[in-house]
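[1] Starting from these lines, generate the structure:
(one chain, ligands or ions: 1)
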Amino acid sequence: MYNSKITGLGYFVPENVVTNDDLAKIMDTNDEWIQERTGIKERRHVVKGTDTTTTMGVKAARIAIERAGIDKDDIDFIVFATLSPDYYFPGPGVLVQRDLGIKTVGALDVRNQCSGFIYALSVADQYIKSGMYKNVLVIGSELHSHGLDMTTRGRGVSVIFGDGAGAAVLSREEDNSKGVLSTHLHSEGQHAEELSLIAPGMGKRWVTDIIEDDDPNDESYFPYMNGQFVFKNAVVRFSEVIMEGLKTNGLTPEDIDMLVPHQANLRISQFIQKKFKLSDDQVYNNIMKYGNTTAASIPIALTEAWEKGKVKEGDLLVLAAFGSGFTWGSVIIKW
Ligand code: UT7
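    Prediction:
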């Protein structure tokens, strides 16, 4: 049996920086509230007419492919995680295949929101472990800003999310002691609506009604989050799924060299850090600069951590996420 390892990483964020003060000009919010509750100082928003979820994903992917030292035609499969696709269908996986000019490989879209990149990595890992594919391109990309309620009504959600993309190339590794040791995925659909965007969806209205009554101010066209409920579940599930991953591999929290958590809220990361008695150097956070970029947050953070030399050969790396679904998961990697 083969193992899989990350051989290339890349990220892209739009240039346009939106500070908390910028948001305070268009809604009733303030820098103090946002920083105190979330740790966020600024985020990036795509300027309309420039990038899309796909084009940001492609930019991140090009860097990851180059760093993997392979040609685009060596990619055997694409997995694309997002909650903000360019089109209702088809998903962005095939658009990446087109934009990168890759031969007709399979392209799969993952709809697991904040846990999207963890789910996508898990899929890629299994394809490689089974021997079916040698190089899988995994992308997480989000264009949130065009779909947020940028009025005071939506402030509980819209100040948190930002745009960006991250990508990884997962490749076959013959040495089983290196690479992705295990992945762990969970869901609890009972809480589906606690963090959701209900429309457009065939469950809400018949298509003919949407055509006749489409109301862009309908709140169900904007994301909803029961913040405190999500927070309480997040801290429990993050802890559980990290422990599950460690135990599966006969490891303990003391073995962790670097934890890259999904960037949902700095307070959640700090809670986990304290719980596992990790130092500031053992947890990588960048939510301060980018906000919550959902499926893109882990690959952006991991790429930054790697670029800064914080993830080194032989390190025990833990990735973990929790979010809408609810879904959550972890990945344990020997770098
Ligand atoms: O990535 C997916 C997973 N997501 C998460 O894990 C997020 C988890 N939840 C959270 O991070 C936090 O719940 C939030 C940061 C979203 C909110 O923080 P909170 O401490 O739970 O605040 P809250 O929603 O209970 O709101 C407290 C107050 C309310 O006012 P009243 O009712 O006390 O008068 C809100 O209306 O803060 C008000 N508020 C704001 N004030 C200024 C809500 N949003 C804002 C805002 N600016 N942007």
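
[2] okay, CA-based contacts and neighbour counts for the rest of this
    Noted.

[3] biggest helix in this protein by residues?
    In the chain, with assignment by DSSP state H, the single longest helix is helix 227-248.

[4] Do the helix or strand just after that helix and the ligand come into contact?
    Using DSSP states H and E, the helix or strand that follows helix 227-248 towards the C-terminus is strand 258-261. No. Using Cα under 6 Å from any ligand atom, strand 258-261 stays clear of the ligand, with a minimum separation of 10.5 Å.

[5] and the next helix or strand after strand 258-261, which residues are buried?
    Downstream of strand 258-261, the next assigned helix or strand under DSSP H and E is helix 266-275. Residues of helix 266-275 classed as buried: 266-270, 272-273 (neighbour count, 16 or more other Cα atoms under 10 Å).

[6] can the longest helix of the chain be found next to the ligand?
    Yes. Contact between helix 227-248 and the ligand, assessed by Cα under 6 Å from any ligand atom, occurs at 227-228, 230-231, 234.

[7] For the buried ones among those, write the corresponding PyMOL selection.
    Here is the PyMOL command that selects the buried residues among the residues of helix 227-248 next to the ligand (16+ other Cα under 10 Å):
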select buried, resi 230+231+234
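
[8] Pretty sure residue 76 sits against residue 135.
    Yes. Contact status for residue 76 versus residue 135: in contact at 5.5 Å, counting by Cα atoms under 8 Å.

[9] So for the two, which sits in the more crowded spot?
    residue 135 (28 against 20; other Cα atoms under 10 Å).

[10] mind listing what the more buried one touches?
    Residue 135 makes contact with 74-77, 128, 169-172 under the criterion Cα atoms under 8 Å, 6 or more residues apart in numbering.

[11] again with residue 12
    So residue 12 contacts 56-57, 59-60, 164-166, 300 (Cα under 8 Å, 6+ apart).

[12] Repeat the analysis, applying 6 Å as the threshold.
    Listed by Cα atoms under 6 Å, 6 or more residues apart in numbering, the contact set of residue 12 reads 60, 164-165.

[13] What's the end-to-end length of stretch 218-231?
    Terminal residues of stretch 218-231 lie 26 Å apart, using Cα to Cα, to the nearest Å.

[14] What residues sit buried inside it?
    220-225, 230-231.

[15] Next: stretch 178-193.
    Using 16+ other Cα under 10 Å as the burial criterion, the residues of stretch 178-193 that qualify are 178-187, 193.

[16] tell me how far the ends of that stretch are from each other?
    39 Å.

[17] How about it and the ligand, touching?
    No. For a cut-off given as Cα under 6 Å from any ligand atom, stretch 178-193 has no contacts with the ligand; the smallest distance is 12.2 Å.

[18] Quick check: mean pLDDT of that stretch?
    Mean pLDDT, stretch 178-193: 98.

[19] Same check on stretch 238-245?
    98.

[20] Same question for stretch 108-127.
    In this model, stretch 108-127 has a mean pLDDT of 98.

[21] Do that stretch and the ligand come into contact?
    Yes. Stretch 108-127 comes into contact with the ligand (Cα under 6 Å from any ligand atom), by way of residue 114.

[22] which residues touch that stretch?
    Identification of contacts with stretch 108-127 by Cα under 6 Å, 6+ apart yields 4, 79-81, 83, 93, 133, 136, 140, 183, 294-295, 321-324, 328.

[23] Restricted to strands, list these.
    Mapping those onto strands (DSSP state E) picks out 4, 79-81, 136, 140, 183, 321-323, 328.

[24] Pull the number of nearby residues for residue 279.
    Residues within reach of residue 279, counting by other Cα under 10 Å, total 11.

[25] Now it. Nearest residue, chain neighbours left out?
    Leaving out its chain neighbours, the residue that sits closest to residue 279 by Cα to Cα, 6 or more residues apart in numbering is residue 273, at 7.2 Å.

[26] State the pLDDT value of that neighbour.
    Reported pLDDT for residue 273: 98.

[27] How about the one 4 residues further on?
    According to the prediction, residue 277 has pLDDT 98.

[28] for it, helix, strand, or coil?
    Following DSSP: H, G, I helix; E, B strand; the rest coil, we place residue 277 in the coil state.

[29] Just want the phi and psi numbers for residue 318.
    phi -120, psi 130 (degrees, to the nearest 10).
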